[in-house]
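Undergrad: please work out how this folds:
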Amino acid sequence: MKTLIATTALVLTAFSASAMVDTSAIQQYAPNVDVATLSDAEVNTILSIIHSGDSEGEKRATIQALVK
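TA: Predicted structure coming up:
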């Protein structure tokens, strides 16, 4: 029962967090992308790439490849 409650809380937290994510950074790397058409998983992946330690060129290339 505790596992069910913990899992439910985790899912609700993740859902709430993804609804409030600031996606303006995506426009810096892929300016012509309509973020509203991306799934939550795609947005989260792109934001992970943005906050990674890769070079700016690698980030841009990876993100643009994902959104095509």
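
Undergrad: who's in contact with I49?
TA: K59, T62, I63, L66 (Cβ atoms under 8 Å, 6 or more residues apart in numbering). All C-beta spots, glycine's among them, are computed from the backbone N, C-alpha and C.

Undergrad: again, 10 Å this time
TA: By Cβ atoms under 10 Å, 6 or more residues apart in numbering, the contact set of I49 is I26, Y29, E58, K59, R60, A61, T62, I63, L66.

Undergrad: so the fourth one is in which element?
TA: So the one you mean is K59. helix 56-67 (DSSP states H and E).

Undergrad: please point out which parts of that helix sit buried.
TA: K59, R60, T62, I63, V67 (16 or more other Cβ atoms under 10 Å).

Undergrad: just those residues now: which is nearest D40?
TA: Closest to D40 out of the buried residues of helix 56-67 is V67 (14.4 Å), distances taken as Cβ to Cβ.

Undergrad: am I right that the closest one is in contact with S39?
TA: No. The criterion here is Cβ atoms under 10 Å, and V67 misses it with S39 at 11.3 Å.

Undergrad: quick one: the helices in the protein?
TA: Per DSSP state H, the chain carries helices over the ranges 2-19, 24-29, 40-50, 56-67.

Undergrad: circling back to that earlier point, what helices or strands is the helix holding K59 leaning on?
TA: Packing partners of helix 56-67 (3 or more Cβ pairs under 10 Å, 6 or more residues apart in numbering; DSSP states H and E): helix 24-29, helix 40-50.

Undergrad: closest to I5 out of those?
TA: Nearest of these (Cβ to Cβ): helix 40-50, 22.8 Å.

Undergrad: with just CA atoms, put the closest one into CSV.
TA: What follows is helix 40-50, C-alpha atoms only, in CSV (Å, rounded to 0.1, in the frame of the first residue of the first chain):
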residue,chain,number,x,y,z
ASP,A,40,6.3,15.7,-22.5
ALA,A,41,9.0,13.0,-23.0
GLU,A,42,10.5,15.0,-25.9
VAL,A,43,10.5,18.2,-23.9
ASN,A,44,12.1,16.5,-20.9
THR,A,45,14.8,14.9,-23.2
ILE,A,46,15.5,18.3,-24.8
LEU,A,47,15.8,20.1,-21.5
SER,A,48,18.2,17.4,-20.3
ILE,A,49,20.3,18.0,-23.3
ILE,A,50,20.2,21.7,-22.7
